[in-house]
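Participant: coordinates for the following, if possible.
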Amino acid sequence: EQEYAQRAVSKGLDELKSRGLPAELQSALVLADVSSGEVRALVGDRVESRNYFNRALDARRQVGSVIKPLVYLLALEHEDDYNLITTVVDEPISLRQPNGTLWSPENYDHKSHGELPLMDALIHSYNQATVQVGLNIGVANLIRKIKQLGVNAEIPAVPATLLGAVELTPIEVTQMYQSLAAGGYSVPLRSVTEVQTPHGETLSRYPLRLMPLERRNAVAVLNFALTRVVEEGTASQLHALLGRDTSIAGKTGTTNEQRDSWFVGFSRDRLAVSWVGLDDNRPAGVTGSNAAMRVWAGLFRQLPIEPVDLRMPDGANFVWVDKREQALTDPTCPGAQQIPFIEGTEPEGRTECLRKMKKDSNKSLWRKWFEGKY
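Facilitator: Here you go, the predicted structure:
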């Protein structure tokens with residue numbers, strides 16, 4: 001797998017050059033086993049033999065939108081206020097910073113999208129909606145969540161953190177996502193499982209430490225939304241790049257002035273994080289989907305891919321809903337989608353289509369009763 005990963009980086013950057021991106025782009029790639037946390041491959045340079053600076057371990061870069069799933073995970077944990085179809089608002093927002101300047105984040109498409117379901121804000125990575133949700137959740141809670149997931153880097157307690165104005169290494173991003181990929185089990189990354197003598201005798205073992213997070217049901221619901229990022233959102237080109245339609249959860253990340261490109265994606269058994277950018281941090285014309293996702297796909301084209309496990313744990317279930325109407329519906333009704341909810345957060349209302357079906361069903365029962373069929 002190390003060989004596959006190095007090939008994905010080297011060939012991937014050559015392909016990006018042929019697509020008009022800078023020839024001096026660099027990349028980092030980390031591949032981990034979902035269940036054990038074992039690091040299976042780690043690439044820190046486009047040239048295999050050049051290892052004086054390992055970007056996977058040592059390059060601190062802003063992470064951009066790959067931070068957003070944690071904002072939405074926190075929202076789902078506040079189940080009195082949020083579920084995947086809760087209406088959020090994507091509209092301009094300006095905040096006064098400590099130095100007196102105004103911070104006014106824009107969406108990538110420079111448009112505002114008004115009211116929309118929470119999961120759509122994540123699927124399309126809308127900055128303004130994410131900030132609105134994040135301010136309700138609290139930046140301090142986001143920082144606590146990042147640390148809970150095993151990342152001990154210094155993180156600024158400012159609103160821009162909600163959009164990834166945080167410098168992390170690719171290995172730290174991998175650690176941050178490991179518990180999500182493992183379905184809500186905290187799995188520390190490790191590269192050594194056992195130390196042996198030259199004769200094969202075990203000197204030390206490093207056993208797997210598996211700890212369930214408190215809200216595994218919220219993680220499972222979030223992971224469903226991350227598969228929709230790949231199906232219909234910012235990572236919708238991934239299936240074409242892979243040549244397969246296997247269910248994968250993922251998130252793109254792009255930083256200001258297209259300096260950094262990130263992609264985090266996981267299957268049932270493998271998690272990988274890729275980064276692409278320039279070492280001097282100049283604008284590089286890279287986005288999450290036009291650079292890092294291509295490197296990621298170059299690795300996974302060489303691997304067997306098991307679909308993400310979307311079975312819900314205790315405390316969460318799939319329900320048929322119309323997300324625009326925020327109402328229960330029937331699978332045969334227009335706009336019906338099967339979406340997971342933490343128990344107790346499902347919509348109480350019903351669509352007109354479902355009400356009509358229930359009414360017709362009741363009429364049919366009465367007719368059968370009077371015809372002596374019961």
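
Participant: only the buried residues of stretch 340-352, if you could.
Facilitator: In terms of neighbour count (16 or more other C-beta atoms under 10 Å), stretch 340-352 has its buried residues at Pro340, Phe341, Ile342, Thr345, Pro347, Arg350, Thr351. For glycine as for every other residue, the C-beta is placed from the backbone atoms N, C-alpha and C.

Participant: let's see which of those residues end up in strands.
Facilitator: Under the assignment DSSP state E, the buried residues of stretch 340-352 contribute Pro340, Phe341, Ile342 to strands.

Participant: so which elements touch whatever helix or strand Val264 lives in?
Facilitator: Val264 belongs to strand 260-266 when assigned by DSSP states H and E. Applying 3 or more C-beta pairs under 8 Å, 6 or more residues apart in numbering; DSSP states H and E, one finds that strand 260-266 contacts helix 170-181, strand 249-254, strand 270-277, helix 293-300.

Participant: okay, the angle between the helix or strand containing Gln6 and strand 270-277?
Facilitator: In the assignment (DSSP H and E), Gln6 maps to helix 2-18. Orientation of helix 2-18 against strand 270-277 (axes from the mean of the first three to the mean of the last three C-alpha atoms, to 10 degrees) gives an angle of 40 degrees.

Participant: who does the most centrally placed residue in the chain bridge with?
Facilitator: The residue lying closest to the centre of the chain (C-alpha atoms, centre = their mean) is Lys251, at 4.1 Å. Beta bridges link Lys251 to Val264 when assigned by DSSP bridges.

Participant: how close does it get to Lys323?
Facilitator: Relative to Lys323, Lys251 is positioned 20 Å away (C-beta to C-beta, to the nearest Å).

Participant: ditto for Leu31
Facilitator: From Leu31 to Lys323 the distance is 34 Å (C-beta to C-beta).

Participant: who's more crowded, the two?
Facilitator: Using other C-beta atoms under 10 Å, the more surrounded residue of Leu31 and Lys323 is Leu31, with 25 against 22.

Participant: returning to what we had before: need the buried residues of stretch 340-352 in a markdown table (columns: pLDDT).
Facilitator: Formatted as a markdown table, the buried residues of stretch 340-352 follow (pLDDT from 0 to 100):
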| residue | pLDDT |
| --- | --- |
| Pro340 | 98 |
| Phe341 | 98 |
| Ile342 | 97 |
| Thr345 | 96 |
| Pro347 | 94 |
| Arg350 | 93 |
| Thr351 | 91 |
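
Participant: these: which two are farthest apart?
Facilitator: Across the buried residues of stretch 340-352, no pair lies farther apart than Ile342 and Thr351, at 21.3 Å, counting by C-beta to C-beta.

Participant: so for Pro105, which of the helices and strands packed on strand 260-266 sits nearest?
Facilitator: Pro105 lies closest to strand 249-254 among the helices and strands packed on strand 260-266, at 13.0 Å (C-beta to C-beta).

Participant: between the closest one and strand 260-266, how many degrees?
Facilitator: Using the same axes, to 10 degrees: strand 249-254 against strand 260-266 is 180 degrees.

Participant: return the set of buried residues in strand 249-254.
Facilitator: Ala249, Gly250, Lys251, Thr252, Gly253, Thr254.

Participant: list just the nearest of these to Leu57.
Facilitator: Gly253 (18.7 Å).

Participant: what about the closest one, distance to Lys359?
Facilitator: Distance, Gly253 to Lys359, by C-beta to C-beta: 48 Å.

Participant: same question, Leu102
Facilitator: Leu102 is 54 Å from Lys359, where distance means C-beta to C-beta.

Participant: do the same with Asn256
Facilitator: The gap separating Asn256 from Lys359 is 54 Å, by C-beta to C-beta.

Participant: neighbour count for the two, which is higher?
Facilitator: Taking neighbours as other C-beta under 10 Å, Asn256 and Lys359 compare with Asn256 leading, 14 against 10.

Participant: the more buried one - nearest residue in space that isn't next to it in sequence?
Facilitator: Leaving out its chain neighbours, the residue that sits closest to Asn256 by C-beta to C-beta, 6 or more residues apart in numbering is Gln62, at 7.5 Å.

Participant: surely that neighbour meets Glu167?
Facilitator: Yes: using C-beta atoms under 8 Å, Gln62 is in contact with Glu167, at 5.7 Å.

Participant: which one of the two has more residues nearby?
Facilitator: Neighbour totals were compared for Gln62 and Glu167, and Gln62 leads with 22 against 17 (other C-beta under 10 Å).

Participant: for that one, give me its contacts.
Facilitator: Counting by C-beta atoms under 8 Å, 6 or more residues apart in numbering, Gln62 touches Gly164, Ala165, Val166, Glu167, Thr255, Asn256, Arg259, Asp260.

Participant: circling back: next up, the contacts around the residue nearest to the centre of the chain.
Facilitator: Counted by C-beta under 8 Å, 6+ apart, Lys251 has contacts 65-66, 68-69, 125, 226, 229, 234-235, 263-265, 288.

Participant: now render those residues as JSON lines, adding distance to Asp279 and secondary structure.
Facilitator: Rendered in JSON lines, the data for those read as follows (distance: C-beta to C-beta, whole Å; DSSP: H, G, I helix; E, B strand; the rest coil):
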{"residue": "Ser65", "distance to Asp279": "22", "secondary structure": "helix"}
{"residue": "Val66", "distance to Asp279": "20", "secondary structure": "helix"}
{"residue": "Lys68", "distance to Asp279": "26", "secondary structure": "helix"}
{"residue": "Pro69", "distance to Asp279": "27", "secondary structure": "helix"}
{"residue": "Ser125", "distance to Asp279": "26", "secondary structure": "coil"}
{"residue": "Leu226", "distance to Asp279": "30", "secondary structure": "helix"}
{"residue": "Val229", "distance to Asp279": "28", "secondary structure": "helix"}
{"residue": "Thr234", "distance to Asp279": "25", "secondary structure": "coil"}
{"residue": "Ala235", "distance to Asp279": "26", "secondary structure": "coil"}
{"residue": "Phe263", "distance to Asp279": "19", "secondary structure": "strand"}
{"residue": "Val264", "distance to Asp279": "21", "secondary structure": "strand"}
{"residue": "Gly265", "distance to Asp279": "24", "secondary structure": "strand"}
{"residue": "Gly288", "distance to Asp279": "19", "secondary structure": "helix"}
